[in-house]
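S.K.: I need the structure of the sequence given here:
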Amino acid sequence: MVAAFKEKLREIDPLYTTFEGLQTLQVNLGNRCNLSCAHCHVDASPAGKRIMGQEVMEKIAGLLARRPGITLDITGGCPEMNPHFRFLVEATQGLSCRRMVRSNLAILTEPGMEWLPSFFRDQELVVIASLPCYLEENVDKQRGGGVFEKSITALRQLNELGYGDSLELDLVYNPGGPFVPGSQKELEQSYKKELLARYGIHFTSLFTIANAPIGRFREYLEAKGAYERYLATLATRFNPDAARTIMCRTLVSVDWKGFLYNCDFNQAIGLPITGADGHILKIDDLEEAARSGVELFLAQHCYSCTAGEGSSCTGALA
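M.R.: Numbers count the residues shown, from 1 in each chain. Below is the predicted model of the structure:
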């Protein structure tokens, strides 16, 4: 029986179960995507209907204008497929110390999306790009046939625009099965060596992110009868050093309607931040949600963030 994650944190230090201070506002633009990846925790697909509107984006821009120094992390689904994606990026220009867009790369090669790489460059966006392996077979198995080839094409386009040199280009590795990622440093060395030798591609850093046992990945685990075993693996690999810096202590996630969560995983399972009276907090309530010392909303899937070297939206924690 796996111990309750929140109690595990409390045993180490009760502070680990509380919010520390807002550093990153992660904005999920919806679940529409050109891909239907097997591991996707938000069940994104071309049929996705959750699409953030311009009204919520205007509130996000206003918030960033009032609170300088916050990182803006734009994600999805495929955030570029939101019809107001350009509006959000342009509206937040100059309002954030660091703006990141999480791209699946393949979208940059789709008809009508040719403008994206240059737009990224002109807006000085940090690009965080999914590439779960440097081998074509492994990527296509997880993400769909032909996705690896499209990803390589997109990476070459980004390299030509200065990404990987003067502009930051980070790649994301996530395991292809129910296991904890290996050493981020060693994987990064392998990625850099193989991508340069095979395709002439270079990038800034590699982030290793563990698969949370939710969404399609949980469905896969349950179909294999492996859910409890994977959860036990994560709990066995619990790392106190990673627990100290879990991302939910400094990040707030915003969904397509403007509701707030402690992370994108909580958003995916419908575990929002609620106020003292039990109502779900929205973007207008950010000051209440991001108060130092407020209790975090935690669950068993959080073990994925503290296993091994730890896992966050910017890679290993320990």
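
S.K.: Which strands and helices lie in contact with the helix of greatest length in the chain?
M.R.: The longest helix of the chain (DSSP state H) is helix 184-199. For helix 184-199, the elements it packs on are helix 147-160, strand 169-173, strand 205-208, judged by 3 or more CB pairs under 8 Å, 6 or more residues apart in numbering; DSSP states H and E. Yep, even glycine has a C-beta here, placed from its N, CA and C like the rest.

S.K.: 7 Å instead?
M.R.: Judged by 3 or more CB pairs under 7 Å, 6 or more residues apart in numbering; DSSP states H and E, helix 184-199 is in contact with strand 205-208.

S.K.: Tell me the helix or strand right after the strand it packs on.
M.R.: helix 215-223 (DSSP states H and E).

S.K.: so how far is that next one off the chain centroid?
M.R.: 19 Å (CA atoms, centre = their mean, to the nearest Å).

S.K.: Tell me the buried residues in it?
M.R.: Gly215, Arg216, Phe217, Arg218, Tyr220, Leu221 (16 or more other CB atoms under 10 Å).

S.K.: what would these look like in CSV with pLDDT?
M.R.: Output for the buried residues of helix 215-223, formatted as CSV (pLDDT from 0 to 100):
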residue, pLDDT
Gly215, 91
Arg216, 91
Phe217, 92
Arg218, 94
Tyr220, 92
Leu221, 95
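
S.K.: give the contact list for the nearest residue to Asn211 once chain neighbours are set aside.
M.R.: In this structure, Asn211 finds its nearest non-sequential neighbour in Phe217, 4.9 Å apart by CB to CB, 6 or more residues apart in numbering. Neighbouring residues of Phe217 by CB atoms under 7 Å, 6 or more residues apart in numbering: His39, His41, Asn211.

S.K.: which one of the buried residues of helix 215-223 is nearest Gly310?
M.R.: For those, the minimum distance to Gly310 (CB to CB) is 18.3 Å, reached by Phe217.

S.K.: right, and Ala210 touches Gly182 too?
M.R.: No. Using CB atoms under 7 Å, Ala210 is not in contact with Gly182; the gap is 10.9 Å.

S.K.: So the residue of the chain most remote from its centre versus Asp285, what's the distance?
M.R.: Going by CA atoms, centre = their mean, the residue of the chain most distant from its centre is Asp277, 29.7 Å out. According to CB to CB, to the nearest Å, Asp277 and Asp285 sit 11 Å apart.
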